[in-house]
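Trainee: I'll drop the sequence and a predicted model, then ask my questions.
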Amino acid sequence: MRSKLFVPGSRPELFAKALASGADAISIDLEDAVVEERKAEAREGVRDWLRTRTETAGPLVIVRVNAMDTPHFEADVAAVVQPGLDILNLPKPESADDVRAAAEAIARAERANGVTRPVRLLLNIESPRALREAASIAAASERVMGLQVGLGDLFEPLGVDRRENAAVQQVLFAVRMAAAEAGVDAYDGAFANVKDTEGYLAEARLARRLGLSGKTCIHPSQVALANEAFRPSDAEIEHAVRVTQAAAQADASGTGAFLVDGRMIDKPFLQRARVVVSIAERLGLLPDA
């Protein structure tokens, strides 16, 4: 999931356009993008749209619900956990107990709404406590598919400059390590200045170097930037293919470590190469594709 495009839950006329944007996923937002007076209306509209969605081969469909400490959480989950939903995005979980409670709410809604394909969880890390407990949060439920960084909510109340690269890097790396401990992916969050394409790309490229899998888009113009930043380069793909081919030959001859392009390759490098080949295959980028 290289790119995830936000769409206000109160704008159902934009859902189809978002699906056609080229993003790997769309994230319909019932939280910050919807004013209090329109929460119920937006919830009902998203529920109705999800009930009509039968095509699951295209972009993933995510819904960000309101946080668990709001009066909207239970109603949001009960409404949007429908067969057309792939992932529920939970903002502001503070502990593993929060995640388990959210997973139980999803299970109740699945039974009530006849959902047979399990809805997964994307968890936002948006507070100092959540950052400290990110690994246990990520491991709290088998539904969790990833952690997502929420730098605005994390930094602004503390007076941390959102453009302070050292702070951004530390948080991204900490969340990536926490996600890795739980065996799930990590994702970068939003970049608010839509006109600053260079800033968006710089942050996305930093996130990729730190091992994150994708980045949020708050405007369709950012989708291509995210897809570019998180796409393996042709050189990476070619090297990874050579590594996997050499590994097969090494296995046949009983060799452990081996050289490819002058670099020593052993298990961790082979694991990385296989990930790159898998991504390239999914994107149709393999040399023989």
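Mentor: Right, received. Where do you want to start? What you see is a predicted model, and the numbers here were worked out from it, not measured in a lab. Numbering: from 1, shown residues only.
Trainee: quick one, what contacts Ile218?
Mentor: Applying CB atoms under 8 Å, 6 or more residues apart in numbering, one finds that Ile218 lies in contact with 5-6, 190-192, 194. C-beta: built from backbone N, CA, C; applies to glycine.
Trainee: now Phe258
Mentor: Residues touching Phe258, when contacts are defined by CB under 8 Å, 6+ apart, comprise 246-247, 250, 264-265.
Trainee: between these, which has the most around it?
Mentor: Highest neighbour count within the contacts of Phe258: Ile265, with 22 neighbours (other CB atoms under 10 Å).
Trainee: What values do phi and psi take at that residue?
Mentor: Taking degrees, to the nearest 10, you get phi -120, psi 120 for the backbone angles of Ile265.
Trainee: so where's the stretch 51-200 of the chain uncertain?
Mentor: Along the stretch 51-200 of the chain, the model assigns pLDDT under 70 to residues 55-56.
Trainee: Provide a list of residues in contact with Gln82.
Mentor: With CB under 8 Å, 6+ apart, Gln82 has these contacts: 47, 50-51, 53, 113, 115.
Trainee: Show the end-to-end separation of stretch 138-152, please.
Mentor: Start and end residues of stretch 138-152 are separated by 20 Å (CA to CA, to the nearest Å).
Trainee: quick revisit: can you say which of the contacts of Ile218 are buried?
Mentor: Listed as buried from those are 5-6, 190-191; burial here means 16 or more other CB atoms under 10 Å.
Trainee: Restricted to strands, list those residues.
Mentor: Among the buried ones among the contacts of Ile218, the members falling in strands (DSSP state E) are 5-6.
Trainee: re the thing from before, from the contacts of Gln82, pick the one nearest Lys17.
Mentor: Nearest to Lys17, judged by CB to CB, of the contacts of Gln82 is Arg53 at 14.7 Å.
Trainee: Share the number of residues neighbouring the closest one, please.
Mentor: The number of residues near Arg53, taken as other CB under 10 Å, comes to 16.
Trainee: mind listing what it touches?
Mentor: Counted by CB under 8 Å, 6+ apart, Arg53 has contacts 61, 82-84.
Trainee: cool, and Glu41?
Mentor: Here Glu41 is in contact with Ser10 (CB under 8 Å, 6+ apart).
Trainee: now do the same end-to-end measure for stretch 171-190.
Mentor: With CA to CA applied, stretch 171-190 spans 14 Å between its terminal residues.
Trainee: buried stuff in that stretch?
Mentor: Burial within stretch 171-190, assessed by neighbour count using 16+ other CB under 10 Å, is assigned to 171-176, 178-179, 182, 184-190.
Trainee: repeat for stretch 11-27
Mentor: If you call a residue buried by 16+ other CB under 10 Å, then stretch 11-27 has these buried ones: 11, 14-15, 18-19, 21, 23-27.
Trainee: Widest-spaced pair of these?
Mentor: Farthest pair in the buried residues of stretch 11-27 (CB to CB) is Arg11 and Asp24. Separation: 20.4 Å.
Trainee: Give me the contacts around stretch 59-67.
Mentor: For stretch 59-67, the external contacting residues (CB under 8 Å, 6+ apart) are 1, 4, 6, 9, 19, 23-31, 39, 46, 50, 53, 72-73, 76-77, 80, 84-92, 122.
Trainee: scratch that, stretch 18-37 is what I was asking about
Mentor: Contacting residues not belonging to stretch 18-37 are listed as 1-10, 15, 39, 42-43, 46, 58-67, 72, 76, 80, 86-87, 89, 91, 214, 216-217, 220, 223-224, 226-227 [CB under 8 Å, 6+ apart].
Trainee: Could you export the longest helix anywhere in the chain as PDB, CA atoms only?
Mentor: Under DSSP state H, the helix in the chain containing the largest number of residues is helix 234-253. Presented in PDB, the C-alpha positions along helix 234-253 are these (Å, rounded to 0.1, in the frame of the first residue of the first chain):
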ATOM      1  CA  ASP A 234      14.800  -0.500 -11.800                       C
ATOM      2  CA  ALA A 235      18.300  -1.000 -10.400                       C
ATOM      3  CA  GLU A 236      16.900  -2.400  -7.100                       C
ATOM      4  CA  ILE A 237      14.600  -4.700  -8.900                       C
ATOM      5  CA  GLU A 238      17.400  -6.000 -11.300                       C
ATOM      6  CA  HIS A 239      19.700  -6.600  -8.300                       C
ATOM      7  CA  ALA A 240      17.000  -8.300  -6.300                       C
ATOM      8  CA  VAL A 241      16.300 -10.700  -9.200                       C
ATOM      9  CA  ARG A 242      20.000 -11.500  -9.600                       C
ATOM     10  CA  VAL A 243      20.100 -12.200  -5.800                       C
ATOM     11  CA  THR A 244      17.200 -14.600  -5.800                       C
ATOM     12  CA  GLN A 245      18.500 -16.400  -8.900                       C
ATOM     13  CA  ALA A 246      22.000 -16.700  -7.300                       C
ATOM     14  CA  ALA A 247      20.400 -18.000  -4.100                       C
ATOM     15  CA  ALA A 248      18.700 -20.800  -6.000                       C
ATOM     16  CA  GLN A 249      22.000 -21.800  -7.500                       C
ATOM     17  CA  ALA A 250      23.700 -21.600  -4.000                       C
ATOM     18  CA  ASP A 251      21.100 -23.800  -2.500                       C
ATOM     19  CA  ALA A 252      21.600 -26.400  -5.200                       C
ATOM     20  CA  SER A 253      25.300 -26.400  -4.600                       C
END
